[in-house]
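1. got a predicted model here, sequence first, then my questions.
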Amino acid sequence: MASFAMALPSKKEEESGLSSYYNNKTTIIQEARVFNESPISPRKCRALLTRIVYLLYVGETFGTQEATTLFFGTTKLFQHKDSALRQAVYLAIKELATTAEDVIMVTSSIMKDMQPNSEVIYRPNAIRALCRIVDPSMAQGVERFFKAAIVDRNPSISSAALVSAYHLFPAAKDVVKRWVNEAQEAVSSKSSPSFFGSGSGGGYLGFGASSQPSGPQTITSSSYVTQYHALGLLYLIRQQDRMAVTKMIQQLGGGKSGSGTTLKNPMALCMLIRYTAKVMEEDPNVQKSMLELLDGWLRHKSDMVNFEAARVICEMKDVSAPQLTKAISVLQLFLSSPKPVLKFAATRTLAALALSHPASVATCNVDLESLIADPNRSVATYAITTLLKTGNEASVDRLIKQITGFMSEISDEFKVIIVDAIRSLCLKFPTKHASMLTFLSGVLRDEGGYDFKRAVVEAMFDMIKFISDAKEQALSHLCEFIEDCEFTKLSVRILHLLGMEGPKSPQPAKYIRFIYNRVVLENATVRAAAVASLAKFGVNSIDSTLQNSISVLLKRCLDDVDDEVRDRAALYLKVFTEKPLADTYVKEESVFSLAALESKLVAYVKDPSAAAQPFDVSSIPKISRSQAAQDAARPSTLDTIGVPTSKKVSNSPPPPSAAEKQSAYAHQLAEVPEFASYGAVQNSSVTPTQLTESETEYQVTCVKHIFAEHVVFQYNVSNTLPDTVLENVSVIMQPQTEDNRLTEDFIILLPSLAASNSPSIVYVSFSKSEQYPLASFACTLKFVSKELDPSTGEPEEDGYDDEYQLEEIELSAPDYIIPNYVTFGAEWDRLRSAPSATETFALSAMESLKAACDSIIEVLNMEPLGGTEAPTSTSVHTLQLSGLVTGGGGKVIVRCRMTFSQGEGVTLELGVRAEKQEACDLVLAAVGG
């Protein structure tokens, strides 16, 4: 032990700099000559090996030459029989093996120590080192040793072999899969004795002992940790076979009571519970039988197993209140446990569950209230967060009073959780907004970091947005906050909100002082935001005196040292004098879709021929400001705040927007040389059309790409059969009508399609004879099917032609229309003299106005405006839609007046106004067809 302690410097050594010299890489490499001394000094060598391993553990790196020199210097120590030295040698070999060269040369020396008849303490070390050194191609040669070691009666040897097999699996899957019977035997072992045979006389790991060998000492192990390692390996081998995993869980589960299980190790049972959760998530059909197993594990003697089973039940998809009863009872017992870790685990799980099942969690409220004063503030935070979600309106004031007492004692991370819980509580009990707003304004004045202050500000933003009675008071608190706000981002956001909400208030003038103070006292970024906010007051206010006052303030900003501030002031002063400019730059409700704008600009810059014409901004779709803010918002929502992140929630990015998908498609098509002459893509389908059932052996989806003179159908084809390869894959498209609006140009075949390279793409190109052709096609997947030779993995020479019938594919109006946000009233009036059409339709199959709205939006692929997609009446409604027609078709606006009567369905009057007649005809054909 003394030699290992030498690597850990004392405080005195640190102060004197001895440690940095003692554990210096150069010094260690120079001292490596101790490995060549004769006779070998085990004590000196152990000390040096310890320092090498220590350096590697703290992140020091050795060059390839240095590592190789040390590695082979270390291997010279195999000639000495000292057990403690041999263990240190294996530790060093394991760490150096990844950097050194020619490490495979020591395989025979390591395998000598792995022999089954070798009752030495370092046999497990030898097994672990061999795993790092052995080449994947040699795995078959050591298979016999590993199989014997896995079923060895000594748990340390068995665990070493199992863990090594786990690490070997990615490189030698086929070999390790053959060890499944041995792994099964290890996981089912009834007893777990331990034979710590020592090659040295005594002491911990033989340190300080003589080098004379002694007999094995039998020590019975009660941890059964081998089962944990064996279960991990079994799952790794079987994870692709869901039926085998399900069978394994049922065999090891021990029946409904859980008492019949052969698993004695709590970690192994926890792992089995996690596998159970995964199976239940993938296959809902086995949920009932798996839930019975989980209920049995709730009564296990280990707290760890009880909690894991309760947590899995609480996180189950679509779990019902009766199913939660037993799990919540277990967690409730943990709440009164003297162990802080159990209390923390229970409160954390209940906090997450309270979002979806507050009534079920409410049974724990009495226990949770007793934890508010818990000395562990993490437990207290989760307890009060849960109470805020499960409590009733009467308890809000009392809880907020209790929270105020310990906010100063917890870290910012937990303060954010509390604030986010208050934020959701505001919307649950809007009548209690006064006390909650007082609490938020109080914590806003406290010391704290950016994340904490942002959480408080966003909570106030939500109160302003959703609780009209709280608006005035919340705005006042925010005005006071920006007087002494050290975070530029927050100041800018608050100034923007004041510009949006302030002019609508009864006394807009009272906010001007706070905003103008920012122009005088803050940095350039905040000053520019303050100028924009002042301008909104000037444009939107009906008080001419206020407008004049703001003009005076903006004129003072013309002398600002920052050009952005000066430019904004000059712009808005000009806007004040011309109403059309005000409507465009200040009052405009829509903004360009940034993803679509970027995609079009990239295509424009890359196309040399496009430079002859100015960039056409009219083809860029617009979205509402609220939608733009939603796209840019942080990922958390009111439904998921203030709770720990579940393991099922991935940290992957949000799904791409429609414009981002189209940008990706455009990039993909640009790499196909056959489409180089087609020009830029005008539009692509946002959602691929499914042409097969999801359970079939061949799965096909279709994406339609519209060019100026061509239409390209992209078929994404997947082959789910692992032992079959498809060659010369194509899709044959047969038009359903005889009119030649579309002429097939060519098909880009798939030479080969296996399960490993699925999905892959087949392209079919058509030329258009008119601008907006509508058509329907019968589709057939054609290919040559070949079996894979199981021994070589290569397809057999002989195959047979086959075909697979797909669903029909349609080219319709939504393929030419892009949703586009506008202000309906202004745009409808602007297009008064433009091409228009009005027709009446009887939609007798529609059972409600909401169903009719959903159907029309889907058929036309247009943007619903002003919330008209949700009818407020059951008998009369007007749906307003807007879109952009590709290929220069311009804007199209649709007004759908609908009436509904029981038995007759919906009567629809469709009014269309567009910049071009072709757009009107396209909309009418879509609804009429």
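-> Yep, that arrived.
2. ok so M898 is a strand residue?
-> Yes. Checked against DSSP: H, G, I helix; E, B strand; the rest coil, M898 lies within a strand.
3. got a pLDDT number for it?
-> pLDDT recorded at M898 is 87.
4. residue boundaries of the helices in the stretch 201-350 of the chain?
-> For the stretch 201-350 of the chain, the helices defined by DSSP state H, counting those that start in this stretch cover 225-238, 242-253, 266-282, 287-297, 303-314, 321-335, 340-353.
5. typo on my end, it should be the stretch 601-750 of the chain
-> Using DSSP H, counting those that start in this stretch, helices in the stretch 601-750 of the chain cover 625-632, 658-670.
6. show me which positions of stretch 692-705 end up buried.
-> Buried residues in stretch 692-705, defined by neighbour count with 16 or more other C-beta atoms under 10 Å: T692, Y698, Q699, V700, T701, C702, V703, K704, H705. Every C-beta, even on glycine, is put in place using the N, C-alpha and C of the backbone.
7. alpha carbons only: can I get stretch 862-873 in CSV?
-> Output in CSV follows, covering the C-alpha atoms of stretch 862-873 (Å, rounded to 0.1, in the frame of the first residue of the first chain):
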residue,chain,number,x,y,z
MET,A,862,-52.3,27.0,-47.0
GLU,A,863,-51.7,29.0,-43.8
PRO,A,864,-54.8,29.5,-41.6
LEU,A,865,-54.9,33.2,-40.4
GLY,A,866,-56.0,34.8,-37.2
GLY,A,867,-56.9,31.5,-35.4
THR,A,868,-59.7,30.8,-37.9
GLU,A,869,-58.7,27.1,-38.1
ALA,A,870,-60.6,26.7,-34.8
PRO,A,871,-64.3,27.5,-35.2
THR,A,872,-66.0,29.2,-32.3
SER,A,873,-69.5,28.5,-33.5
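8. show residues contacting that stretch.
-> The set of residues external to stretch 862-873 that reach it, using C-beta atoms under 8 Å, 6 or more residues apart in numbering, is 623, 817, 819-824, 849-850, 853-854, 857, 877-883, 892, 894.
9. which ones among those residues map onto strands?
-> The strands, defined by DSSP state E, take in I623, I817, P819, H877, T878, L879, Q880, L881, S882, G883, V892, V894 from those.
10. Serialize those to JSON lines and add fields for pLDDT.
-> Shown next, in JSON lines, are those (pLDDT from 0 to 100):
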{"residue": "I623", "pLDDT": "69"}
{"residue": "I817", "pLDDT": "84"}
{"residue": "P819", "pLDDT": "85"}
{"residue": "H877", "pLDDT": "87"}
{"residue": "T878", "pLDDT": "88"}
{"residue": "L879", "pLDDT": "88"}
{"residue": "Q880", "pLDDT": "88"}
{"residue": "L881", "pLDDT": "88"}
{"residue": "S882", "pLDDT": "87"}
{"residue": "G883", "pLDDT": "87"}
{"residue": "V892", "pLDDT": "88"}
{"residue": "V894", "pLDDT": "89"}
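11. from the buried residues of stretch 692-705, which two are the most distant?
-> Maximum pairwise distance among those (C-beta to C-beta): 22.4 Å, between Y698 and H705.
12. roughly how far does A528 sit from C557?
-> Distance, A528 to C557, using C-beta to C-beta, to the nearest Å: 9 Å.
13. what does L788 give?
-> Distance from L788 to C557, by C-beta to C-beta: 74 Å.
14. sorry, back to before: with mean neighbour count and distance to F452 added, can I get the helices of the stretch 201-350 of the chain in JSON lines?
-> Shown next, in JSON lines, are the helices of the stretch 201-350 of the chain (neighbours: other C-beta atoms under 10 Å; distance: least, C-beta to C-beta, whole Å):
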{"stretch": "helix 225-238", "mean neighbour count": "23", "distance to F452": "40"}
{"stretch": "helix 242-253", "mean neighbour count": "18", "distance to F452": "44"}
{"stretch": "helix 266-282", "mean neighbour count": "20", "distance to F452": "34"}
{"stretch": "helix 287-297", "mean neighbour count": "18", "distance to F452": "38"}
{"stretch": "helix 303-314", "mean neighbour count": "23", "distance to F452": "28"}
{"stretch": "helix 321-335", "mean neighbour count": "18", "distance to F452": "27"}
{"stretch": "helix 340-353", "mean neighbour count": "23", "distance to F452": "19"}
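15. now render those helices as CSV, adding mean pLDDT and distance to N392.
-> Converted to CSV, these look like this (pLDDT from 0 to 100; distance: least, C-beta to C-beta, whole Å):
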stretch, mean pLDDT, distance to N392
helix 225-238, 88, 45
helix 242-253, 85, 40
helix 266-282, 89, 33
helix 287-297, 86, 31
helix 303-314, 91, 22
helix 321-335, 90, 18
helix 340-353, 91, 17
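16. redo those helices as TSV? Include distance to S549.
-> Supplementary listing: the helices of the stretch 201-350 of the chain in TSV, determined by distance: least, C-beta to C-beta, whole Å:
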stretch	distance to S549
helix 225-238	72
helix 242-253	72
helix 266-282	62
helix 287-297	67
helix 303-314	58
helix 321-335	60
helix 340-353	50
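17. nearest to Q682, out of these?
-> Set against Q682 and scored by C-beta to C-beta, the helices of the stretch 201-350 of the chain come closest in helix 266-282, at 40.4 Å.
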